[in-house]
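A.B. asks: how would this look folded up:
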Amino acid sequence: MIQSPPPASDGGAGDDEIEPRPPWHWIGFGTVATFAAWLPLAYGAQAFARSIVVSRFGQSPTREEVDLAFAAMSAEERFRWTASQTLPHVLAFGLAAFGGGYLVGRFGTGTAVKHAAASGVVTSLVALFVSWRVLAEGGVAALVSVVVPLVVAVAFAAWGGRVGVRRRDGKPAEKEKPPPSPA
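C.D. replies: Purely as a prediction, here's the structure:
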């Protein structure tokens, strides 16, 4: 459906006359697909993170209650708490980037893993632009909000692109060792 040419009509171009999309178009398609997949995954990640908050503080904790409890935690407990609130979102973003990269690699004519990775770069840059307020605050939070999405999006999109290219080219998902040569 994605690569299928439009039906030929009177005076329209036939199947032989339609040129495939250039690979750089697929960077945009991968970016849009990543955002489309990220929205429901982020919703699920937030529901999971919220369930952790509710299990610890009850149905409607105040900001002060959470801040006091966080201040009373040891460094290890704060780390675990922060990870439990962050990792579901990182995983959701990674899965969405994998899907966008897979789309680029699997259906993009002439695309390579670099095009899938580029869709991850564009996705993270758009996400950073949307969250510009965090960047304006500066400090460690700004650095983390730049580096983590970039690394996650590029790595997972490239991985998805690699899997997609293998599927498009008809190669097996796992690398097979070549048969031993007779000596």
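
A.B. asks: Show me the shaky parts of the protein.
C.D. replies: The chain contains residues with pLDDT under 70 at 1-17, 172-183.

A.B. asks: Now with 80, please.
C.D. replies: 1-19, 132-143, 145, 171-183 (pLDDT under 80).

A.B. asks: for it, what spans make up the helices?
C.D. replies: 23-57, 63-72, 75-107, 113-130, 132-137, 139-168 (DSSP state H).

A.B. asks: and the second one with helix 23-57, angle?
C.D. replies: Right, helix 63-72. Interaxial angle, helix 63-72 versus helix 23-57 (axes from the mean of the first three to the mean of the last three C-alpha atoms, to 10 degrees): 90 degrees.

A.B. asks: can I assume F29 is in contact with R106?
C.D. replies: No - counting by C-beta atoms under 8 Å, F29 does not reach R106; the two are 11.2 Å apart. (Each C-beta comes from the backbone N, C-alpha and C, glycine too.)

A.B. asks: V134 - nearest residue in space that isn't next to it in sequence?
C.D. replies: Distance criterion C-beta to C-beta, 6 or more residues apart in numbering; nearest residue to V134, sequence neighbours excluded, is S145 at 4.7 Å.

A.B. asks: check contacts around that neighbour.
C.D. replies: Residues counted as contacts of S145 (C-beta atoms under 8 Å, 6 or more residues apart in numbering) are 128, 131, 134-135.

A.B. asks: Pull out the buried residues from the residues you listed.
C.D. replies: L128 (16 or more other C-beta atoms under 10 Å).

A.B. asks: of all the contacts of S145, which two lie farthest apart?
C.D. replies: L128 and V134 (8.4 Å; C-beta to C-beta).

A.B. asks: L125 versus V144, what's the distance?
C.D. replies: Relative to L125, V144 is positioned 16 Å away (criterion: C-beta to C-beta, to the nearest Å).
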